[in-house]
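Visitor: generate a structure from the sequence data that follows.
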Amino acid sequence: MPCLMPCFTSFPWDRIWIASIQRHARALHGAQKMAIWDLEAQQRLNEFVQSELVLVQISAAKRLRDRAEREAKEAGQDRVTAEHVEQARDALRQGALA
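Guide: Numbers count the residues shown, from 1 in each chain. Alright, predicted model coming up:
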């Protein structure tokens, strides 16, 4: 029986969850202004989410993204930075709500 693992791991999960999160964000935020994300912040989000189990990556990405945007907003900034993503990750690890 052929091994399915290489095919499974090469599946573009990152593109799927990013598209899912973007659709969800548009539905949730509607006409609200979406946060602007720095490239480094997007890369950190990807790194942190990819460290999660595949089955929970979409919900982890949503929680982390929402919390990072809240961190930026609470800091009075309209741009999400890598620092906001790291603060969000730390807060979520300590049990804070997204």
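Visitor: C-alpha only now, for contacts and for neighbours.
Guide: Fine.
Visitor: from residue 42, how far out is residue 68?
Guide: Computed with C-alpha to C-alpha, to the nearest Å, the distance linking residue 68 and residue 42 is 11 Å.
Visitor: which one's more surrounded, these two?
Guide: A direct count of neighbours by other C-alpha atoms under 10 Å for residue 68 and residue 42 places residue 68 higher, at 28 against 15.
Visitor: am I right that the more buried one is in a strand?
Guide: No - note on residue 68: no strand contains this position according to DSSP: H, G, I helix; E, B strand; the rest coil, which reports helix.
Visitor: distance check, the residue lying closest to residue 82 once chain neighbours are set aside against residue 80.
Guide: Counting by C-alpha to C-alpha, 6 or more residues apart in numbering, the nearest residue to residue 82 once its immediate chain neighbours are dropped is residue 41, at 3.8 Å. According to C-alpha to C-alpha, residue 41 and residue 80 sit 7 Å apart.
Visitor: on that earlier part again, can I assume the residue nearest to residue 82 is in contact with residue 81?
Guide: Yes - when contacts are counted by C-alpha atoms under 8 Å, residue 41 is listed as touching residue 81 (4.9 Å).
Visitor: can you give me the helices in this structure?
Guide: Residue ranges of the helices in the chain, as given by DSSP state H, are 5-10, 13-29, 39-50, 57-74, 82-93.
Visitor: comparing these, which yields the minimum mean pLDDT?
Guide: Lowest mean pLDDT within those: helix 5-10, at a mean of 46.
Visitor: and the nearest residue to residue 42 once chain neighbours are set aside, how many neighbours?
Guide: With C-alpha to C-alpha, 6+ apart as the measure, residue 82 is the residue that lies nearest to residue 42, at 7.5 Å, once sequence neighbours are left out. Residue neighbour count, defined by other C-alpha under 10 Å, stands at 18 for residue 82.
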